[in-house]
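A.B. asks: A structural model of the following input is requested.
(2 chains)
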Amino acid sequence: ELKVEQNPLFLSMQEGKNYTIYCNYSTTSDRLYWYRQDPGKSLESLFVLLSNGAVKQEGRLMASLDTKARLSTLHITAAVHDLSATYFCAVGAGSYQLTFGKGTKLSVIP
Amino acid sequence: DTGVSQDPRHKITKRGQNVTFRCDPISEHNRLYWYRQTLGQGPEFLTYFQNEAQLEKSRLLSDRFSAERPKGSFSTLEIQRTEQGDSAMYLCASSPLAGGGTDTQYFGPGTRLTVL
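C.D. replies: Numbering: from 1, shown residues only, chains lettered A, B, ... in the order given. This next block holds a predicted model:
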């Protein structure tokens, strides 16, 4: 059974600081996604990572994938308040369903 | 707005009642998914349709749950004899039909179910 673990689950950081969220998964995967969820809202797609060494960047967020280590990271550069949200990684392995981590609740403090 | 839509957005029901939710996917998307999300957790997969065919079902989908996608367009999720443990956000997602199953799933706003 595929398991996806994120850490930390809660992250409070100051504006302007950098930090990394980690996503580990237990079995071979062919695709990994990062989503953002604001309170009371649905999930917004951020990144799709399909191959080992893949790196994608959008604004202050950068995601990478190491399939050998079964690890993805979401790096936040110079955080701003607008980035406050819950971030989920989701892994697909051999079927169309996605297995999600528990999410990382990020609070950026002025 | 051409995103995934869900109706109703909120539903409050009494234990033992039946409820039905509707999902309208993005129009050109052949694949449709249902997930359930409880407070503080990530979404959990329930079921998947490709066109009108239901191709995958989670063990979470007990016999009280049924999903349909009769013409390969909108989908309904029905819960019979609701229980308090069914209280959750029910999310629908869709993705286009393309090779490899690598397509991003686009989520709707969800239906929040509260069972009293």
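A.B. asks: The residue lying closest to residue B:87 once chain neighbours are set aside: what's it in contact with?
C.D. replies: Nearest residue to residue B:87, sequence neighbours excluded (C-beta to C-beta, 6 or more residues apart in numbering or on different chains): residue B:115, at 4.9 Å. Where you see a C-beta, it was placed from the backbone N, CA and C, and this is true even at glycine. Contacts for residue B:115 (C-beta atoms under 8 Å, 6 or more residues apart in numbering or on different chains) come out as B:13, B:14, B:15, B:82, B:83, B:84, B:85, B:86, B:87.
A.B. asks: Likewise for residue B:17?
C.D. replies: Taking C-beta under 8 Å, 6+ apart as the test, what residue B:17 contacts is B:81, B:82.
A.B. asks: Now residue 8. Nearest residue, chain neighbours left out?
C.D. replies: Using chain A. residue A:104 is the one closest to residue A:8 (C-beta to C-beta, 6+ apart), at 6.2 Å.
A.B. asks: Chain B was what I was after
C.D. replies: residue B:111 (6.0 Å).
A.B. asks: For burial, what's the neighbour tally of that neighbour?
C.D. replies: 22 (other C-beta atoms under 10 Å in any protein chain shown).
A.B. asks: Verify the contact between it and residue B:12 for me.
C.D. replies: No: counting by C-beta atoms under 8 Å, residue B:111 stays clear of residue B:12, with 11.3 Å between them.
A.B. asks: Look up how far residue A:107 lies from the residue of chain A found nearest chain B.
C.D. replies: The minimum distance from chain A to chain B, using C-beta to the nearest C-beta, falls at residue A:100 (3.0 Å). Separation of residue A:100 from residue A:107 (C-beta to C-beta, to the nearest Å): 20 Å.
A.B. asks: which of those two has more neighbours?
C.D. replies: Neighbour count, other C-beta under 10 Å: between residue A:100 and residue A:107, residue A:100 has more, with 22 against 13.
A.B. asks: Quick check: beta-bridge partners of the more buried one?
C.D. replies: residue A:90 (DSSP bridges).
A.B. asks: Quick check: it touching residue A:92?
C.D. replies: No: counting by C-beta under 8 Å, residue A:100 stays clear of residue A:92, with 10.6 Å between them.
A.B. asks: Which residues are in contact with each of these two?
C.D. replies: Joint contacts of residue A:100 and residue A:92 (C-beta under 8 Å, 6+ apart) do not exist.
A.B. asks: remind me which residues of chain B are low pLDDT?
C.D. replies: B:1, B:98-102 (pLDDT under 70).
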